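Engineer: show me how the following folds:
(2 chains)
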Amino acid sequence: ETGVTQTPRHLVMGMTNKKSLKCEQHLGHNAMYWYKQSAKKPLELMFVYSLEERVENNSVPSRFSPECPNSSHLFLHLHTLQPEDSALYLCASSQDSGNTGELFFGEGSRLTVL
Amino acid sequence: TQLLEQSPQFLSIQEGENLTVYCNSSSVFSSLQWYRQEPGEGPVLLVTVVTGGEVKKLKRLTFQFGDARKDSSLHITAAQPGDTGLYLCAGVGGSYIPTFGRGTSLIVHP
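Structural biologist: Okay, the predicted model is just below:
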């Protein structure tokens, strides 16, 4: 299995739908992240979990709701999204006992909001 | 907020050419990472540089960290079509969470 797995790879949803993105890491890391990647913008950090505790929430709208039930799994629950939320959502993990912050990314979930 | 500026934004070259991409900031970083992202995939870590002035080589790729640990460069020798992708630099400062630049999109034509 690959180190970080994201599902689904592609998702199309209407603005009134509720859906969830899933991420699973098999690397034994203790920190997990959600990033948003839009065209012509830097990767935007959304949420960080360290040892299953949320340590950073980068002023993300409440229509995005993260969940980290254990150190291997991370979810992003989506509700009443807007078309501008269409983007590639990347999950990553790291071992935060070091200070180099090296990230291991999944392949991403391409979200389209109609 | 620690901003990272990458240049050029786009680069289209022929196979066999050399190129250099730059990552600059006014902030000092404890470490800096370079990632490559291919279409439809997530970024993959290429290298981490930690010491000011450090040079690391990965086959045809040479990475350098500036003496003041504010900037970095990536030089590719004899580029190949397989080098095509988005090159991202990311700086790590006071926290362990990297801040990313916008990336340099490289296309190498056969």
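
Engineer: where do the strands sit along the chain?
Structural biologist: By default, I'm working from chain A. Listed in chain order, the strands of chain A (DSSP state E) span A:4-7, A:10-13, A:18-25, A:31-37, A:44-50, A:53-57, A:64-70, A:73-79, A:87-94, A:104-105, A:109-113.

Engineer: oops, wrong one, chain B.
Structural biologist: Going by DSSP E, chain B shows strands at B:5-7, B:10-14, B:19-24, B:31-37, B:44-49, B:55-58, B:61-65, B:71-76, B:85-92, B:99-100, B:104-109.

Engineer: adding mean neighbour count and distance to chain A, write these out as CSV.
Structural biologist: Bear in mind the C-beta positions are built from the backbone N, C-alpha and C, glycine included. As requested, the strands of chain B are exported to CSV (neighbours: other Cβ atoms under 10 Å in any protein chain shown; distance: least, Cβ to the nearest Cβ, whole Å):
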stretch, mean neighbour count, distance to chain A
strand B:5-7, 17, 9
strand B:10-14, 13, 11
strand B:19-24, 19, 12
strand B:31-37, 23, 5
strand B:44-49, 18, 5
strand B:55-58, 13, 13
strand B:61-65, 19, 12
strand B:71-76, 20, 14
strand B:85-92, 24, 4
strand B:99-100, 22, 4
strand B:104-109, 17, 10
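
Engineer: save those as JSON lines, and put in mean pLDDT and distance to residue A:42 too.
Structural biologist: Shown next, in JSON lines, are the strands of chain B (pLDDT from 0 to 100; distance: least, Cβ to Cβ, whole Å):
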{"stretch": "strand B:5-7", "mean pLDDT": "95", "distance to residue A:42": "9"}
{"stretch": "strand B:10-14", "mean pLDDT": "97", "distance to residue A:42": "15"}
{"stretch": "strand B:19-24", "mean pLDDT": "97", "distance to residue A:42": "12"}
{"stretch": "strand B:31-37", "mean pLDDT": "95", "distance to residue A:42": "12"}
{"stretch": "strand B:44-49", "mean pLDDT": "96", "distance to residue A:42": "17"}
{"stretch": "strand B:55-58", "mean pLDDT": "96", "distance to residue A:42": "23"}
{"stretch": "strand B:61-65", "mean pLDDT": "97", "distance to residue A:42": "19"}
{"stretch": "strand B:71-76", "mean pLDDT": "97", "distance to residue A:42": "16"}
{"stretch": "strand B:85-92", "mean pLDDT": "95", "distance to residue A:42": "8"}
{"stretch": "strand B:99-100", "mean pLDDT": "91", "distance to residue A:42": "5"}
{"stretch": "strand B:104-109", "mean pLDDT": "97", "distance to residue A:42": "12"}
